[in-house]
Structures are given as C-alpha cells and as structure tokens.
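Chemist: for reference, the sequence and a predicted model appear below.
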Amino acid sequence: MRKKITELDPARRPLRFALSYVLVLTVVNLVWEIAQLPLYTLWTEASLAEKTFAILHCTIGDGLIGSATLALARLAFGGRHWPAQHYWRVALAATLLGIAYLIFSEWLNVSLRGSWAYRDAMPTVGPLATGLAPLLQWVILPPLVFLLTRKARLF
C-alpha cells in the first residue's frame, strides 16, 4: 500500500528539518546582514555593487555556518531519534558552535586580515573586540529559527 503524501517517512525527518532550518536561517540572516551593514566601514566606502556582493557573500556564509553547526551538533548530541528527541540539546550545541565560529571569524577577519572593519557606531565586546551586532546575530537567530521550525512541526 502506498503512503499518503502527507505522511513523512521517519528516516527523512532529520533531513527535512535540516533543510527547513537552513533555509529559514539563511533568509533571516539576509535581513540581519542588510540591517547591520551601516555598522561597517563598507557602508560609507563601498559602491552599491560591492555592498550587494558583501551582503550576499555573508548571507551564503551564514547559511553554510548554520549547516555545519547543525550537522556537528546533531552528530554529537542528536541521537538516533533526533529531532523527535534531544531537540533543544542540539539547538543549544548548534547555537554555541555558531557563536564560537563567529567570534573566531570576526577576530580573524577584522583584527588579523583586515578583510572588513567596524565603524565607530559598532559596539564591541570581549577581549577580541567582537562586534556586538554580529554576536547578537548568532545569539538570537539560531534559537529563534529552532523555535519557529519546531512550532511549524516540520518534522
């Protein structure tokens, strides 16, 4: 007997969730990247084309970071029946991994490489002078997307 289209094969739930999570996370990161652009020197020094490229480049990077952190968190903490079990344990681990990567990346690209720079309007925190806006991006957005994805019952 054939399954109804509305039934979801339990073996595909983790993949369905991961795709949903990464898609939603990437979209909300796009909005965040646009909103925080005025806190970078790019805002006053770059052409529209350069700003557009930076926003797209960073948004794609955010999606890749979200994918990698989810995959690592799921492997380390998810268990066989994830996402039905250990959902928030994976969410916390993915969020913490994202924050750790963000701090490293901002330090590397701002302090060492000089790939981008903050304007005076960007508050910084911690010994590595991490920008507050990108830090909040990874503190707020992954848990929010985990919450929205869970409430939408996409698995």
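Modeler: Everything's here; your move. Residues are numbered from 1 along each chain as shown.
Chemist: what's the end-to-end length of stretch 123-132?
Modeler: End-to-end span of stretch 123-132 (Cα to Cα, to the nearest Å): 5 Å.
Chemist: I'd say W138 and T95 touch.
Modeler: Yes - W138 is within contact range of T95, at 7.2 Å (criterion: Cβ atoms under 8 Å). (Glycine included, C-beta is placed from N, CA and C.)
Chemist: and these two? which has more neighbours close in?
Modeler: Legend: neighbour count by other Cβ atoms under 10 Å for W138 and T95, higher for W138 (25 against 22).
Chemist: for the one helix or strand that one maps to, buried residues please.
Modeler: Secondary structure assignment for W138, by DSSP states H and E: helix 132-151. For helix 132-151, burial by neighbour count (16 or more other Cβ atoms under 10 Å) applies to 132-135, 137-139, 141-143, 145-146, 149-150.
Chemist: list the helices and strands that helix packs on?
Modeler: helix 13-36, helix 48-77, helix 87-106, strand 124-125 (3 or more Cβ pairs under 8 Å, 6 or more residues apart in numbering; DSSP states H and E).
Chemist: if we go to 6 Å?
Modeler: Using 3 or more Cβ pairs under 6 Å, 6 or more residues apart in numbering; DSSP states H and E as the contact test, the elements touching helix 132-151 are helix 13-36, helix 87-106.
Chemist: the shortest one packs against which elements?
Modeler: The reference is to helix 87-106. helix 48-77, strand 130-131, helix 132-151.
Chemist: give me the angle between the first one and helix 132-151.
Modeler: Going back to what we said before, that points to helix 48-77. Put simply, helix 48-77 runs at 60 degrees to helix 132-151, going by axes from the mean of the first three to the mean of the last three Cα atoms, to 10 degrees.
Chemist: chain center to helix 48-77: distance?
Modeler: 6 Å (Cα atoms, centre = their mean, to the nearest Å).
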